[in-house]
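**Q** Sequence plus the predicted model coming up.
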Amino acid sequence: MNIDNDLRRIALQEQELQFDRLDLDAAWLLGSTLRGMAAERNLGVVIDITLFSMPVFYAALEGATPDNPNWVRRKRNTVFRLFRSSYATGLNLLKQQTNLQAKLGLPDADYAAHGGSFPIVVKGTGCIGAVTVSGLPQRDDHNLVVEALCEVLGADHDALKLED
């Protein structure tokens, strides 16, 4: 993994993986798609979709741990605060050799700059929420979210996925 390559690709993902509009049915479809992918692959994850106004999807699959919901909350808080994917935030901080606490005063108890939470952006509106996965290594959490977004939005996953 090359940090700069991942950051460039994530910036492209954040630019391309935006909704024309998002209603509760579209949020449910995204969550259901993620759950289906995770179940088919026997992944023990927690999946959460939360808009700024309310939670709209939650699922925990066999193998998820009691720690996963807290990781979801902390990663989601990072997206809600910075409007960037939690993985991009973590990689940027790694490059700067710092962390959220030192750079922004954000406590580890409430924020996590680890991959798995991605901003839900509506074109012309901005970030309205986050889709989050926890339970896999952070890069895999991020990749699963991006794959589901590509499927739901009809985007070319091969052109957007992180390189091996």
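**A** Here it is on my side, so go on.
**Q** Count residues in the vicinity of residue 108, would you?
**A** Residue 108: 11 surrounding residues under other C-beta atoms under 10 Å. Just so you know, the C-beta spots here come from the backbone N, C-alpha and C atoms, and that holds for glycine as well.
**Q** Please report phi then psi for the closest residue to it other than its chain neighbours.
**A** Distances taken as C-beta to C-beta, 6 or more residues apart in numbering put residue 101 closest to residue 108, at 6.1 Å, once the chain neighbours are dropped. Reported as degrees, to the nearest 10, the phi and psi values for residue 101 are phi -70, psi -50.
**Q** so residue 101 touches residue 109, yeah?
**A** No - taking contacts as C-beta atoms under 8 Å, residue 101 lies outside contact range of residue 109: 9.8 Å.
**Q** who has more neighbours, those two?
**A** Each of residue 101 and residue 109 has its neighbours counted (other C-beta under 10 Å); residue 101 has more, 13 against 9.
**Q** Can you give me the pLDDT of the more buried one?
**A** Looking at residue 101, its pLDDT reads 95.
**Q** quick one: buried residues of stretch 155-164?
**A** Neighbour-count burial for stretch 155-164, with 16 or more other C-beta atoms under 10 Å as criterion, is recorded at 155, 160, 162.
**Q** The residue of the chain most remote from its centre and residue 113, how far apart?
**A** Computed with C-alpha atoms, centre = their mean, the residue of the chain farthest from its C-alpha average is residue 102, at 22.8 Å. In this structure, residue 102 and residue 113 are 11 Å apart, going by C-beta to C-beta, to the nearest Å.
**Q** Which helix or which strand is home to residue 120?
**A** Per DSSP states H and E, residue 120 falls inside strand 117-122.
**Q** for residue 30, same thing?
**A** helix 24-40.
**Q** what do you get for residue 56?
**A** Per DSSP H and E: strand 55-60 holds residue 56.
**Q** Centre of the chain to that strand, how far?
**A** Strand 55-60 sits 14 Å away from the centroid of its parent chain (C-alpha atoms, centre = their mean, to the nearest Å).
**Q** Ramachandran coordinates for the nearest residue to residue 100 once chain neighbours are set aside?
**A** By the measure of C-beta to C-beta, 6+ apart, the closest residue to residue 100 outside its immediate chain neighbours is residue 106, 4.1 Å from it. Torsion angles at residue 106 (phi, psi; degrees, to the nearest 10) stand at phi -90, psi 120.
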